[in-house]
Structure formats: structure tokens, C-alpha cells
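Student: give me the fold of what follows.
(chains A and B)
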Amino acid sequence: MAENSRPRGALLAALAIGLGLAVAPAIFGMFSRAPAGGQMISEFKPYMRATTLDAFGADLQLIDAAHREVTASEPRPDSSGVSSFGREWPAIERDMSSMLSTIESNVPRYNGLVALPPFWAFPWFFVLPGLMIAGLAAWALRSPPPRRRLATLLLAACALSVIAAPAVFQMFTRAPGGAAMINDFRPLMTDDNIAKIQGSFLVIAGAEGELRTAVLPQAAPGTLPATREFVAEWPRIAAEMAPMIGAMADNLDNFAGVAALPPFTLFPWFFVVPGVLVFALALVARPPAERQLASQPAAPAATPLLERSAS
Amino acid sequence: MSPSKFTRRLLTVALVALVLGSAGCGDDESPSAAGEGSAPPLVGLFAVNAGTCDASGSAGSWFRMVQPGGTIAAGPFVTNGDSSCADKTITPLTPGADGGLRTGEFQGQPEPPFDPDGNSVSGRIVVPQKWFAVSFGLATNKTDPQTSATAKAPRITRNGDKLGGQLEALAASWNGQHFNQGAPKPGGERPGLTAGPSGTYDEASGRYTLEWSSQIVGGPFSNFTGIWHLEGTFQPSNDTQEES
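Tutor: Residues are numbered from 1 along each chain as shown, chains lettered A, B, ... in the order given. Model (predicted):
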């Protein structure tokens, strides 16, 4: 009985680890948060391209040129929208440029996340190996030594595949990138920031309307070229800017869900640590080969470590 | 009957009563929503009088938008540089191809709902109006284009000279984006400043005013609230003025 306690304890521990892995996604709310993350990744896709971000940058420069022109013109246009634009644009430009550079610097990290398996599948990467480990451990517990040897061998193989999974999916490089991206986006993805961006949009749009309907009709032909270009390009700029603001606003909850997950940097270790433990436990629980068993003078009876209660 | 069976039956009866009661409370088409004892719906066309603006203010039908954190009464309101009014927070509306808002049926948006420049081409209720250089339009859709939720056809009820009802199918489209502007929202919710519809009706002349507000949920103008004011003359459909 004493000789059985060590392998039995090892297999019970493996069973517990397997069950822990299987229920971890439910504990961390991954079944709802992971798909939310997937939706956010998908809806951010159009804005996580260098070409799109460069185009936004060019639009900011165009508006900035119009601002310089309008604020330098004499007499200064006398309208509330243009005045607000004159006053508030420098801060808007600073904030928006900063936001664009934050987004741009995270494009490689975003691409790393996109290359991971789909987010909705994440919980199942815990559940399925967890159930396999638990099932193999339970089988080993109930099997006599010859079959238990096979069961522990499969358990060790399963543990090795769990250990290898983060390396196969390049989680060690991609997951920290995801964590850094979440941290960088944290100040952007707030109600206050969305309201600020919406306010900025109103300032720019309000100015454009007054420049188009009141200022430019009074201006001499050929003057205010940057302002004319801004006005001409505004429908396109608005058409590109509005969906981006919309994507940010629509994903506030999704972002909050993802940000509430355990830190991405830990994710590879959620596989490696249990995998190593289960592998070690499988080795401890592995019974000696039959011939070794036979050569031992007082070999224990070939009985399961855990009898079925009905048998 | 054992006490446990009795308790179970009592709970079942209470649950059924609760479900039936809450179903009645949640129905914004119910008479109580319009504040009347019996509220026959006005089925037909709420013909829209064009909005007009002069130095003293605006009249007729119009739209304005409250900024997040504002109030219906005091704003702050969004300034539309394209408004023809002196008060550019008000955008006047003019009747569309159908002449106004129809109740008892949908006035769905065309497909595609936008021209290549993002201007809305939904022009049955009101003529699309410029807003920040791009035209917005109105439609009532069975499937709300913003939320994909199923909506009921517009229904306006009256109690004496007061109007009520529901306009959950109403949606504005602008610049490739859709914004539900119903009151209540499809499904019956009234987020934030969403209120109405309410208004007045003069049976002799058919003249009406109808006003509602609808807070945008999601998209670039999330948490902004549209205020809609229609006025004009109600024209009952051919078969009946008031469907009982």
C-alpha cells in the first residue's frame, strides 16, 4: 500500500492539474472575453495598417496647413467655429498625432496577435488539454501496472505537447507584444478619451462648415489654398475618421474584457508550468517495466491504484 | 394538497402574473405609453411641413443634436455648419418623396443606402440634409441597419389632443454609418435621453406636432442624442383614419 501511495499521489495531482486547466477559462471569464478580444482585433484591422495610418497623418498635416493659413489670414475670420478651431487645433493635433503614433508603433504587435490562433479558440486550448490530462490521469489511476505504464506514457506525451504549444504558436514573443499593446491602448480606450476625440471631430467639422459656407465664399480667388484643399477633402476625411471613432467607441467593452484577462505575458507559462508538472508527475507515477517487476523479489500485486467502487 | 405543492402552485401563479404584467409594462405601444386610457393609432401619413429659418428662429420640422452629457432643454447642441438657420444647432427638414412619416408601415432605406461620397439617399420621409458636409437621411426599417435588431413599424397613438406611440424603426444614415434614432430603441429600451414620441393633434384640422429624442448607442456619435421635431398635417390612410 505504501509503495502505491507515491504514484497514486502523483496521478491524483496530475488529475487535479488537468481539471484546473479545464476550468481555468471559466474562472477567468475567457469564454466571453476571448471572443470579445477577437471581435476587437477584427474591427481594428482596417486601422492597424501603416498605409491607413500614414493617410490619417497626411490628413492631419492638411488640416494643420489650413489652420496655419486661417490663423494667419487678415482679417481673421469672425465665426465661432473657426475661432474654436484656431484655439483648439494645436491640442487636437498633438493628441491625434500622439494617438496615431501609438497605434502605428503597435502594428507589429497587433500583427503578432492576429497570427495567433483565433481568440475564440483560446479557452479550448486550456479545456481540451486539461480534460485529456485529467482523463489520462484517471485512466492511469484505475489501470493495473501494464496498462498504467501506457497511460502514464500518454500522459507524459500530452504534457510535452502542452509544454511545446507556446513555442509552436510563438507565444513567448507574441504574447508579451499583446500585453504591451493592451497597455499602450489603455489610455486611448476609455469613455473620456472617446468623448475627447468626438469633441475634436466636432471642432474640425464645425470649422470646415463655416470655412466652406462663410469664409471661402468671401475670400479672393486663389487665396487660402490649403483651406480650400481641406474643405475639398473633408468629406473623404470625415468618411475615414468617423468609422475609426466608431470602431473605438464600439469596442470599449471588448477592450475592457480583454484588459481584464490575466496578463498576456503569463499566457505561455499557463501552458509550460502545468505541462512540466504533469510530465514530472507522469514519470513519478510510471510503473516499472514488467520484466523489472518480475525480477523484484517482493513485487506488489498487479492491481489498480484506485479500485472502481463497484468492482 | 401538501404545503410544498401549494407553495409551488402559488409561485407559478405569481410568476405567470409577473410575466404577463411585465409584458404589458414593456409594450410601448400600449395605451399607457401614450398616457391615455384607450389610444387608437393614427394610421397614415404624418405629412411634414418644411422647416424654415429666419433671424428670429426656426419653424416647421427640424433636427438638432445634443452633445454627450447635455440635456434636451439646454444642450450643449452640435453646430451644423451646413444649417441654413441663424441658430446652426438647428437643421430644418423638408418633406421627402413620400411627403413625411408613414405609420403602420415601413419606409425602408434604398439599397445601396449611400452614394459614392457617403451621402445618404434615404429620401422618402425627409429630403437628405447636409450635416458636416455630408447628407443624412431618414428611413424606417424592419431590420435596424445599425443593430440588426428587428423593429416594429411606426405607430402613433392619440388620447384626445395628445400623441404618443413608438418609432423604434427610425434610423438615420450618414457618411456610410447608420444610427438608430428611434424612441424607444428596437426592443423597447430607452437609453440616456431617449424619450417620446409625444406631441399634439388637432382632430378638426389634422394638424400635429411630434417630437422625440433618441440617444445614439455605439458608432462615432455614441452618446450623442438626436432631437427630432416634426409638424404638419396628418393624412389618414384611405381605409381608416383611426385603426381601433
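Student: burial count for residue 210?
Tutor: Picked chain A for this. As a burial measure, the neighbour count of A:Glu210 was computed by other Cβ atoms under 10 Å in any protein chain shown and equals 23. To be clear about C-beta, it is placed using only N, CA and C from the backbone, and glycine gets the same treatment.
Student: that's the wrong chain, I meant chain B
Tutor: Here the count is done by other Cβ under 10 Å, and B:Leu210 has 26 residues near it.
Student: same question, A:Ala72
Tutor: The number of residues packed around A:Ala72, counting by other Cβ under 10 Å, is 8.
Student: measure it to chain B for me?
Tutor: 21 Å (Cβ to the nearest Cβ, to the nearest Å).
Student: which residues are in contact with B:Phe234?
Tutor: With contacts defined as Cβ atoms under 8 Å, 6 or more residues apart in numbering or on different chains, B:Phe234 is in contact with B:Leu42, B:Gly44, B:Leu45, B:Phe46, B:Ala47, B:Tyr201, B:Gly206, B:Arg207, B:Tyr208.
Student: that one bridge partners, please.
Tutor: In this structure, B:Phe234 has the following beta-bridge partners (DSSP bridges): B:Phe46.
Student: apart from its neighbours in sequence, what residue is nearest the closest residue to chain A within chain B?
Tutor: Distance from chain A to each residue of chain B (Cβ to the nearest Cβ) is smallest for B:Gly81, at 1.4 Å. Closest residue to B:Gly81 in three dimensions, ignoring its sequence neighbours and counting by Cβ to Cβ, 6 or more residues apart in numbering or on different chains: A:Gly209, at 1.4 Å.
Student: in the stretch 201-311 of chain A, what spans have low per-residue confidence?
Tutor: For the stretch 201-311 of chain A, the stretches flagged by pLDDT under 70 are A:289-311.
Student: which positions in it make contact with chain B?
Tutor: A:201-202, A:205-210, A:212-213, A:231, A:234-235, A:238-239, A:241-246, A:249-250 (Cβ under 8 Å from any Cβ of the partner chain).
Student: could you redo the last one with a cut-off of 10 Å?
Tutor: A:201-214, A:231, A:234-253 (Cβ under 10 Å from any Cβ of the partner chain).
Student: how about the helices in the chain?
Tutor: Using chain A here. When assigned using DSSP state H, the helices of chain A occupy the ranges A:2-27, A:30-44, A:50-72, A:80-105, A:107-115, A:122-142, A:145-168, A:171-185, A:191-210, A:225-250, A:252-259, A:267-285, A:290-295.
Student: looking at chain B here, not the other one
Tutor: Using DSSP H, the helices found in chain B span residues B:3-26.
Student: output the lowest mean pLDDT helix or strand found in it.
Tutor: Sorting the helices and strands of chain B by mean pLDDT, DSSP states H and E puts helix B:3-26 at the bottom, at a mean of 44.
Student: could you report the neighbour count for residue 178?
Tutor: Picked chain A for this. A count of neighbours around A:Gly178, defined by other Cβ under 10 Å, yields 24.
Student: can you look at chain B instead?
Tutor: Once other Cβ under 10 Å is used to define contacts, B:His178 is seen to have 23 neighbours.
Student: wait, doesn't it sit right on B:Val217?
Tutor: No - judged on Cβ atoms under 10 Å, B:His178 makes no contact with B:Val217 at a distance of 11.7 Å.
Student: distance of B:Ser209 from B:Gly165?
Tutor: One thing to correct before we go on: residue B:209 is Thr, not Ser. 14 Å (Cβ to Cβ, to the nearest Å).
Student: in chain A, what residue comes closest to chain B?
Tutor: Here chain A gets closest to chain B at one residue, A:Gly209, 1.4 Å apart by Cβ to the nearest Cβ.
Student: picking up where we left off before, so who does the residue nearest to B:Gly81 touch?
Tutor: Contacts were defined as Cβ atoms under 10 Å, 6 or more residues apart in numbering or on different chains; by that measure A:Gly209 touches A:79, A:81-82, A:231, A:234, B:79-83, B:88, B:130-133.
Student: residues contacting B:Thr79?
Tutor: For B:Thr79, the residues meeting the contact criterion (Cβ under 10 Å, 6+ apart) are A:79-81, A:84, A:202-203, A:205-207, A:209-210, B:64-65, B:67, B:87-90, B:132.
Student: filter those to the buried ones?
Tutor: In terms of neighbour count (16 or more other Cβ atoms under 10 Å in any protein chain shown), the buried residues within the contacts of B:Thr79 are A:79, A:81, A:84, A:202-203, A:205-207, A:209-210, B:64-65, B:67, B:88-90, B:132.
Student: apart from its chain neighbours, what residue comes closest to A:Ala179?
Tutor: Spatial nearest neighbour of A:Ala179, chain neighbours left out: A:Phe264 (3.7 Å); criterion: Cβ to Cβ, 6+ apart.
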